[in-house]
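**Q** What follows is a protein structure lacking sequence information:
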């Protein structure tokens, strides 16, 4: 599974980084979150789904 973030819509609330820090982190300039793994590790899929579902601006997507 791959995770994606629409950087243009991200409001940098850091919720995804709090829920799933193994997949999401803040960019160096802090103006948006980013995905830093090529594939979401199996043990973190549920956390990544929770981060997607909790995103207040719905900019996170997950694809198989």
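**A** Sure, I can see it. This structure is a prediction, so every number in the text was calculated from the model and none was measured. Residues are numbered from 1 along each chain as shown.
**Q** Mind giving me the packing neighbours of the biggest helix by length in the chain?
**A** Counting residues, the longest helix found in the chain (DSSP state H) is helix 45-54. In terms of contacts (3 or more CB pairs under 8 Å, 6 or more residues apart in numbering; DSSP states H and E), helix 45-54 is packed against helix 15-19, strand 60-63. All C-beta spots, glycine's among them, are computed from the backbone N, C-alpha and C.
**Q** List the buried residues of it.
**A** 45, 47, 48, 49, 51, 52 (16 or more other CB atoms under 10 Å).
**Q** related to what we said a few turns ago, so which of the helices and strands packed on helix 45-54 is the most surrounded?
**A** helix 15-19 (a mean of 18; mean count of other CB atoms under 10 Å).
**Q** Paired strands for the next helix or strand after that helix, with orientation please.
**A** Next in sequence after helix 15-19, counting helices and strands by DSSP states H and E, comes strand 24-26. Within its sheet, strand 24-26 is paired with strand 33-35 (antiparallel), according to DSSP bridges.
**Q** Can you verify my assumption that residue 20 contacts residue 43?
**A** No - using CB atoms under 8 Å, residue 20 makes no contact with residue 43, being 10.9 Å away.
**Q** between those two, who's got more neighbours?
**A** residue 20 (24 against 8; other CB atoms under 10 Å).
**Q** List the contacts of that one.
**A** If you count contacts by CB atoms under 8 Å, 6 or more residues apart in numbering, residue 20 has them with 44, 47, 48, 50, 51.
**Q** Just put those residues in TSV and tack on distance to residue 38 and pLDDT.
**A** Below are the contacts of residue 20 laid out as TSV (distance: CB to CB, whole Å; pLDDT from 0 to 100):
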residue	distance to residue 38	pLDDT
44	13	98
47	17	98
48	13	98
50	20	98
51	17	98
